[in-house]
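Engineer: Need a 3D model of the following:
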Amino acid sequence: MTHAIRIHKPGGPEVLQWDEIEVGSPGAGQIRLRHTAIGLNYIDVYHRTGLYPQPLPLIPGMEGAGVVEAIGPGVTSLQTGDRVAYAGPLGGYAEERLIAADRVVKIPAGISDHQAAAMMLQGMTVRYLIREVYPVKAGDTILIHAAAGGVGLILCQWANALGATVIGTVSSDEKAELAKANGCHHPIIYTREDFQKRVVEITEGRKLPVVYDSIGKDTFAQSLDCLRPRGLLALFGQASGPVPPVDLGLLAQKGSLYITRPTLQTFIASAADLKTTAEDLFAVVASGKVKISVNQTYALKDATQAHRDLEARKTTGSTVLTV
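Structural biologist: Numbers count the residues shown, from 1 in each chain. Now for the predicted structure:
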């Protein structure tokens, strides 16, 4: 029998249950995927707590990697035995799952299943942020919150490779060193420094064209004050909670600022967009410009502890659940 982690009611890490499930055979356009590794992401916490409500019972998890076990009618792009990875839809915390064939991509040689599981959601998020939401270019100075997190470390490396000067916020000296080792030129320890004031100092008052903010409520107001006129706040997460309602007149007062609240699924909605985004990510990793650091692994059945550590900010880089 196949097992999965399921949520039957919203709550803390303790609501994650190890259940037996029935997967079944793939239907038209589907494959049956046997997971080897599953990515752990903060959005999993949002789904678990009900911040992003989902029908229950729910198998969380939005990315994974593994082997194609069976192919449904009409699938011609894949064969059994292919190594594939995906980011979305939900259902990743399972030993096996069904998924649409056009939602997975083949993993190229030279990239491990653990790397693929750790990079799909976070890496493709970085790709749309710095290629499409605000195309980072040489000479830009940018701010990345949670620079020592999974998305943060990839974002620091990729932006650095593009020739940007990277400022990043972190919570400790240890995380500052980690961020610096991954391309962050100016780590700011926000637990003892005012990051907005430090941004002004570092930029000699010029401020920034873009702030990448996955924290939300706790950083929102100061992030706006880090932007130069016509600057962009890319709010792509809310680890500290949702941002309260905002008077849009504030954006005019602070210099005709822009705010966007993008999601990865919008940028990979079509199979063509998914393929382009994944190939760009695989290429930058294969080139060595971006290294995927899987710093923690947990057995899938130990997802409760993984969630506890993630919320306690005990994790750095990427984390995978293994099957």
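
Engineer: measure Asp315 to Thr260 for me?
Structural biologist: One correction, residue 315 is Thr, not Asp. 27 Å (Cβ to Cβ, to the nearest Å). Quick note: C-beta positions are derived from backbone N, CA and C, even for glycine.

Engineer: oh sorry, the question was meant for Asn295
Structural biologist: For Asn295 relative to Thr260 (Cβ to Cβ), the value is 29 Å.

Engineer: Look at the two and report which has more neighbours.
Structural biologist: With neighbours defined as other Cβ atoms under 10 Å, Asn295 and Thr260 compare such that Asn295 has more, 15 against 12.

Engineer: so what's the more buried one up against?
Structural biologist: By Cβ atoms under 8 Å, 6 or more residues apart in numbering, the residues touching Asn295 are Thr315, Thr316, Gly317, Ser318, Thr319.

Engineer: and the least confident of those?
Structural biologist: For the contacts of Asn295, the least confident position by pLDDT is Gly317, scoring 74.

Engineer: Lys291 is in contact with that one, correct?
Structural biologist: No. Shown here, Gly317 and Lys291 do not form a contact pair, counting by Cβ atoms under 8 Å, at 9.5 Å.

Engineer: Which one of these two is surrounded by more residues?
Structural biologist: For Gly317 versus Lys291, neighbours defined as other Cβ under 10 Å are more numerous around Gly317 (20 against 12).

Engineer: State the distance from that one to Val290.
Structural biologist: When Gly317 is compared with Val290 (using Cβ to Cβ), they lie 12 Å apart.

Engineer: So, low pLDDT: which residues of the stretch 101-250 of the chain?
Structural biologist: Low-confidence segments of the stretch 101-250 of the chain, defined by pLDDT under 70, are absent.

Engineer: which stretches of it form helices?
Structural biologist: Ranges of helices in the stretch 101-250 of the chain, per DSSP state H, counting those that start in this stretch, are 113-128, 150-161, 173-181, 195-202, 220-224, 249-253.

Engineer: quick one: buried residues of the third one?
Structural biologist: In this case it means helix 173-181. Burial within helix 173-181, assessed by neighbour count using 16 or more other Cβ atoms under 10 Å, is assigned to Lys175, Ala176, Leu178, Ala179, Lys180.

Engineer: could those residues go into a markdown table alongside distance to Trp18?
Structural biologist: Formatted as a markdown table, the buried residues of helix 173-181 follow (distance: Cβ to Cβ, whole Å):
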| residue | distance to Trp18 |
| --- | --- |
| Lys175 | 31 |
| Ala176 | 37 |
| Leu178 | 32 |
| Ala179 | 35 |
| Lys180 | 39 |
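
Engineer: from these, which is closest to Thr266?
Structural biologist: Ranked by distance to Thr266 (Cβ to Cβ), the buried residues of helix 173-181 are led by Ala179 at 27.8 Å.

Engineer: surely that closest one meets Pro187?
Structural biologist: Yes. Ala179 sits in contact with Pro187 when judged by Cβ under 8 Å, with a separation of 4.7 Å.

Engineer: Contacts for stretch 175-187 next, please.
Structural biologist: Applying Cβ under 8 Å, 6+ apart, the external contacts of stretch 175-187 come out as 144, 147-148, 152-153, 156-157, 159-161, 165-170, 189, 198, 202, 291, 293, 316-317.

Engineer: Need phi/psi at Gln54.
Structural biologist: Geometry field for Gln54 lists phi and psi as phi -140, psi 150, criterion degrees, to the nearest 10.

Engineer: Spatially nearest residue to it (excluding sequence neighbours)?
Structural biologist: On the basis of Cβ to Cβ, 6 or more residues apart in numbering, the spatially nearest residue to Gln54 that is not a chain neighbour turns out to be His47, at 5.6 Å.
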